[in-house]
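S.K.: Quick one, structure for this:
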Amino acid sequence: MLCFHALYINSLLLFSAGETFDKRFTIAVDVEGLSEGREKLQVFKEDQLFNRSRHLHCQESSCAPVTLLHLAYLSFTNYLLVLRFHGLEDIDRRYTVSDVLFAFERFEANFTQLQLWFRFIFLIVSFSATCWFGFSLRRSPSQDWSLEQRWTAALLPLLVAHNNPFFPLMFLCSSIVPRVLDSLLQVTMFCALLLCWICVLHGLRQTSRTWLTFYVPKLVLVGLMWLLCTVLIAWRGYHSLRDPTFTGTQLGPLQGVDTFFYVLGGVYLLYVLILILRAYSDLRAMPYLGVRLKLATLSMIVLAVASLSLMSHRLRQSGLGLSFSAVLSTPYTTSTQFLAIYGLVNSFVLCMAWVFSPPTSDRPGGDSRVVKDNPAFSMINDSDEDVIYGEEEESRRPLHRNKPDDDDSD
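M.R.: Here you go, the predicted model:
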């Protein structure tokens with residue numbers, strides 16, 4: 001199997017005297033590949049030097065690592081790299097540079113195998129859960145599905161796509177398509193979760209859900225966030241394959257994307273807080289809807305806090321800073337990061353499938369007469385209108401029913 005592993009080259013300057021300063025400099029990079037006959041071949045189509053500015057931050061006797069270049073795919077066994085630094089002449093005159101260290105970082109084969117195996121396991125489990133949940137929902141009409149069941153049925157196929165059955169293509173070809181597709185599927189899954197949360201929080205209070213008044217505003221808000229992510233993913237994939245000095249945070253004409261995304265994120269957060277406050281004020285007296293509301297709120301908070309914590313830790317290790325564009329441009333560097341994020345998303349959706357799956361005959365509450373009298377299962381299987389207003393047949397039944405007289409039978 002032909003594998004293409006990414007390669008990153010960082011530099012670290014060491015000083016003999018403790019000083020603190022910041023300096024911007026320019027780096028020029030020339031990359032050539034060496035064939036088996038030691039012939040020099042151009043790696044990139046553009047026969048030119050790549051120039052990019054970098055920021056050097058030094059404190060005490062060492063400087064923060066600076067990413068010099070990266071190669072998204074390794075098509076040659078040997079490379080010839082020429083690095084030229086411009087703008088560091090003042091540092092050499094004012095300070096004593098004791099050493100310059102170059103660090104080569106790449107993805108280990110064991111990490112690649114771990115990704116392949118666990119993605120395959122997640123893919124099989126999510127596909128099996130999708131088939132099982134879809135088959136279990138077929139026993140009841142679609143109009144009787146609860147709001148959570150509808151969203152679970154939509155999230156499970158997206159989870160299969162999130163686990164990406166085409167992921168091995170990233171190591172079999174040097175095309176931009178597999179890498180962009182993998183990032184796009186991840187973003188689509190997270191945006192679907194954002195849309196699911198606001199629809200569930202709002203839908204528990206509102207049973208009349210028309211497309212124009214209920215779904216369109218939410219689709220516009222989350223759709224804009226998804227569109228910004230898609231544009232940045234395409235921008236990053238295009239330039240990372242053609243410019244070895246591109247780090248992912250250099251947006252060029254897309255500098256305002258970060259700010260616009262933060263504005264949309266603030267609007268989304270404010271909208272969620274309003275929905276939660278109004279839902280708890282309106283539904284606290286309704287036991288069935290109250291339990292569903294608490295379950296939705298608790299699961300949303302747990303997943304959001306855990307995801308933000310893992311992403312912030314991932315960005316701190318990369319050294320790119322806490323920014324929206326850095327999240328999309330930072331790869332998984334350890335198996336812990338990969339398993340934590342993917343395991344969290346898969347566990348959340350699979351738990352939804354188990355909690356909101358319709359009961360079967362061999363499961364407690366499987367009989368319809370038991371379900372109607374059991375609040376734990378009624379909140380899952382009753383439609384929202386039945387929970388609030390009651391079924392039409394039940395409303396016509398008498399409140400009291402006379403017991404049969406055993407003496408008359410004698």
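S.K.: per-residue pLDDT, residue 311?
M.R.: Looking at residue 311, its pLDDT reads 73.
S.K.: what number of residues lie near residue 231?
M.R.: Other residues within reach of residue 231, judged by other Cβ atoms under 10 Å, total 12. The C-beta positions use only the backbone N, C-alpha and C, and glycine is treated the same way.
S.K.: and if you look at residue 196?
M.R.: Around residue 196 there are 24 residues (other Cβ under 10 Å).
S.K.: State the phi and psi torsions of it.
M.R.: Per-residue torsions, residue 196: phi -60, psi -40 (degrees, to the nearest 10).
S.K.: what's the spacing between the closest residue to it other than its chain neighbours and residue 87?
M.R.: Once flanking residues are discounted, residue 196 sits nearest to residue 151: 4.7 Å by Cβ to Cβ, 6 or more residues apart in numbering. Counting by Cβ to Cβ, to the nearest Å, the gap from residue 151 to residue 87 is 54 Å.
S.K.: neighbour-wise, which of those two wins?
M.R.: More crowded of residue 151 and residue 87, by other Cβ under 10 Å: residue 151, with 23 against 14.
S.K.: That one sits in which helix or strand?
M.R.: Using DSSP states H and E, residue 151 sits in helix 147-162.
S.K.: Now do the top helix by length along the chain against helix 147-162, angle only.
M.R.: Secondary structure of the chain per DSSP state H: the longest helix is helix 287-318. Per axes from the mean of the first three to the mean of the last three Cα atoms, to 10 degrees, the angle that helix 287-318 makes with helix 147-162 is 30 degrees.
S.K.: Now find how far off-centre helix 287-318 is within its chain.
M.R.: On the basis of Cα atoms, centre = their mean, to the nearest Å, helix 287-318 sits 13 Å off its chain's mean C-alpha point.
S.K.: and it, what does it pack onto?
M.R.: helix 176-203, helix 257-283, helix 324-329, helix 335-355, helix 375-381, helix 384-389 (3 or more Cβ pairs under 8 Å, 6 or more residues apart in numbering; DSSP states H and E).
S.K.: closest to residue 37 out of the ones you listed?
M.R.: Within the helices and strands packed on helix 287-318, the stretch nearest residue 37 is helix 176-203; the backing value is 29.0 Å (Cβ to Cβ).
S.K.: hey, what's residue 105 bridged with?
M.R.: residue 8 (DSSP bridges).
S.K.: thinking again about what came up before, shouldn't the residue nearest to residue 196 be in contact with residue 198?
M.R.: No. Contact between residue 151 and residue 198 fails when scored by Cβ atoms under 8 Å: they sit 11.0 Å apart.
S.K.: that older thread, and the longest helix of the chain with helix 335-355, angle?
M.R.: Using the same axes, to 10 degrees: helix 287-318 against helix 335-355 is 170 degrees.
S.K.: I'd assumed residue 122 was in a helix, is it?
M.R.: Yes. Residue 122: assigned to a helix according to DSSP: H, G, I helix; E, B strand; the rest coil.
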